[in-house]
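Visitor: sequence and predicted structure are below.
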Amino acid sequence: MIRSRNYSFILVLLQFLCILFLLLLNESLFSNRLSLCISSLGFFVGLYALMVNKLSNFNITPEIKEKAKLITTGAYAYIRHPMYFAVLLIMLGVVTTHFNLTSGLIYLGLILILFLKAQKEEKLWSQKSTAYKKYMKTTKMFIPFIL
């Protein structure tokens, strides 16, 4: 259990380090209209997910809160991790302001970290709920209808 929480904490720390480095390495979103549109789309996806799911249900780590409830409506009817998708879109907008190899590699690292967080969360949900296993069969992980 302690190892599990340490792993979760490390993933969150790495996620925020990737985001920080991407923000420091790239230009302002307002310098590129495409970047601003991509990040804005991510922001609205995140807002929509927050409107459907209660804040008390969210956890920054992939650990499941004790009284968490499975949400399968709104954005969650299409993808299991709309907040991760929102983060990926927002940061894709940041990366596209002025793409470079370093930012691309850090962004790939962010994708990997969010994938590992999602896997951990899904493993815990599957252990907690048979409904989650059914939910996994009808939704995609990150990108609606694709992935």
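Guide: All right, it came through fine. Note that the structure is predicted; figures quoted are calculated from it, not measured. Numbers count the residues shown, from 1 in each chain.
Visitor: residue farthest from the centroid of this protein?
Guide: Among the residues of the chain, the one whose C-alpha is farthest from the average of all C-alpha positions is residue 31, by Cα atoms, centre = their mean at 24.7 Å.
Visitor: that one against residue 93, yeah?
Guide: No: contact between residue 31 and residue 93 fails when scored by Cβ atoms under 8 Å: they sit 11.2 Å apart. Using the backbone N, CA and C atoms, a C-beta is placed for each residue, glycine as well.
Visitor: which secondary structure element contains the residue lying closest to residue 64 once chain neighbours are set aside?
Guide: Among residues not flanking residue 64 along the chain, residue 124 sits closest, at 4.8 Å (Cβ to Cβ, 6 or more residues apart in numbering). In this structure, residue 124 is located in helix 101-128 according to DSSP states H and E.
Visitor: in contact with residue 67, which residues?
Guide: In this structure, residue 67 makes contact with residue 56, judged by Cβ atoms under 8 Å, 6 or more residues apart in numbering.
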